[in-house]
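Whatever this is, show me its structure:
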Amino acid sequence: MARSPYFASAKRYPDGDPRGKNVSVLPSLTMQGNLVAGATTRVAVGFLLNPFSLLKARYEVCFIVLRVTGRIA
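Just a heads-up that it's a prediction; the model follows:
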(Lines give C-alpha, C1' and ligand atoms only; values in the text may rest on other atoms or scores of the structure.)
Protein backbone atom coordinates (compact mmCIF):
# COMPACT_ATOMS: atom_id res chain seq x y z
CA MET A 1 0.00 0.00 0.00
CA ALA A 2 2.91 2.36 0.64
CA ARG A 3 3.81 2.38 -3.06
CA SER A 4 0.24 2.99 -4.24
CA PRO A 5 -0.35 6.47 -5.70
CA TYR A 6 -3.66 6.59 -3.81
CA PHE A 7 -1.81 6.83 -0.50
CA ALA A 8 0.78 9.54 -1.17
CA SER A 9 2.94 10.91 1.66
CA ALA A 10 2.40 14.41 2.97
CA LYS A 11 4.69 17.01 1.42
CA ARG A 12 7.17 18.64 3.77
CA TYR A 13 8.45 22.14 3.22
CA PRO A 14 11.46 23.92 4.74
CA ASP A 15 10.86 25.93 7.91
CA GLY A 16 11.00 29.30 6.11
CA ASP A 17 8.45 28.31 3.46
CA PRO A 18 4.97 29.78 4.13
CA ARG A 19 3.33 26.66 2.71
CA GLY A 20 4.78 24.62 5.58
CA LYS A 21 2.49 26.14 8.22
CA ASN A 22 -0.60 24.09 7.35
CA VAL A 23 1.06 20.78 6.56
CA SER A 24 -0.27 17.81 8.48
CA VAL A 25 1.88 14.92 9.66
CA LEU A 26 -0.87 12.57 8.49
CA PRO A 27 -0.63 11.07 5.00
CA SER A 28 -2.41 12.98 2.26
CA LEU A 29 -4.97 10.87 0.40
CA THR A 30 -6.31 11.34 -3.08
CA MET A 31 -10.06 11.16 -3.65
CA GLN A 32 -9.77 7.56 -4.85
CA GLY A 33 -7.50 6.66 -1.91
CA ASN A 34 -10.01 8.16 0.50
CA LEU A 35 -12.78 6.10 -1.11
CA VAL A 36 -10.75 2.88 -0.93
CA ALA A 37 -9.70 3.51 2.68
CA GLY A 38 -13.26 4.33 3.76
CA ALA A 39 -14.78 1.34 1.99
CA THR A 40 -12.15 -1.02 3.42
CA THR A 41 -12.70 0.32 6.93
CA ARG A 42 -16.48 0.09 6.64
CA VAL A 43 -16.32 -3.53 5.46
CA ALA A 44 -13.87 -4.47 8.23
CA VAL A 45 -15.98 -2.85 10.96
CA GLY A 46 -19.16 -4.41 9.58
CA PHE A 47 -17.50 -7.82 9.49
CA LEU A 48 -16.36 -7.49 13.11
CA LEU A 49 -19.64 -6.11 14.49
CA ASN A 50 -22.04 -8.38 12.57
CA PRO A 51 -22.08 -11.15 15.24
CA PHE A 52 -23.00 -8.61 17.93
CA SER A 53 -25.77 -7.21 15.75
CA LEU A 54 -27.14 -10.71 15.22
CA LEU A 55 -27.12 -11.47 18.95
CA LYS A 56 -28.84 -8.15 19.68
CA ALA A 57 -31.56 -8.85 17.11
CA ARG A 58 -32.20 -12.34 18.52
CA TYR A 59 -32.36 -10.95 22.06
CA GLU A 60 -34.84 -8.27 21.03
CA VAL A 61 -37.07 -10.79 19.23
CA CYS A 62 -37.08 -13.11 22.24
CA PHE A 63 -37.82 -10.18 24.55
CA ILE A 64 -40.78 -9.04 22.43
CA VAL A 65 -42.16 -12.59 22.11
CA LEU A 66 -41.85 -13.02 25.88
CA ARG A 67 -43.76 -9.78 26.50
CA VAL A 68 -46.53 -10.63 24.01
CA THR A 69 -47.05 -14.33 24.66
CA GLY A 70 -45.65 -14.75 28.16
CA ARG A 71 -43.37 -17.60 27.11
CA ILE A 72 -39.95 -17.86 25.51
CA ALA A 73 -39.83 -18.70 21.81
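
average pLDDT across the host helix or strand of S53?
Using DSSP states H and E, S53 sits within helix 31-69. Rounded to a whole number, the mean pLDDT of helix 31-69 is 92.

Any buried residues in that helix, and which?
Residues of helix 31-69 classed as buried by neighbour count (16 or more other CB atoms under 10 Å): G33, V36. The way it works is simple: take the backbone N, C-alpha and C, and place the C-beta from them, glycine included.

what packs against it?
Using 3 or more CB pairs under 8 Å, 6 or more residues apart in numbering; DSSP states H and E, no helix or strand is in contact with helix 31-69.

Can you tell me the SS state at L26?
coil (DSSP: H, G, I helix; E, B strand; the rest coil).

Can you report phi and psi for S28?
Main-chain dihedrals, S28, degrees, to the nearest 10: phi -90, psi 130.

how far away is it from A37?
Using CB to CB, to the nearest Å, one gets 12 Å for the distance from S28 to A37.

Now the common contact residues for the two.
Counting by CB atoms under 8 Å, 6 or more residues apart in numbering, S28 and A37 have no common neighbour.

Could you measure from L54 over to E60?
Distance of L54 to E60, computed by CB to CB: 11 Å.

One more: A37?
33 Å.

before we move on, what about M31?
M31 is 39 Å from E60, where distance means CB to CB.

With G38 instead?
Distance, G38 to E60, by CB to CB: 29 Å.

repeat for P27
According to CB to CB, P27 and E60 sit 41 Å apart.

likewise L29?
Per CB to CB, L29 is found 38 Å from E60.

N50 too?
In this structure, N50 and E60 are 16 Å apart, going by CB to CB.

How about T40?
Counting by CB to CB, the gap from T40 to E60 is 30 Å.

That'll do, ta.
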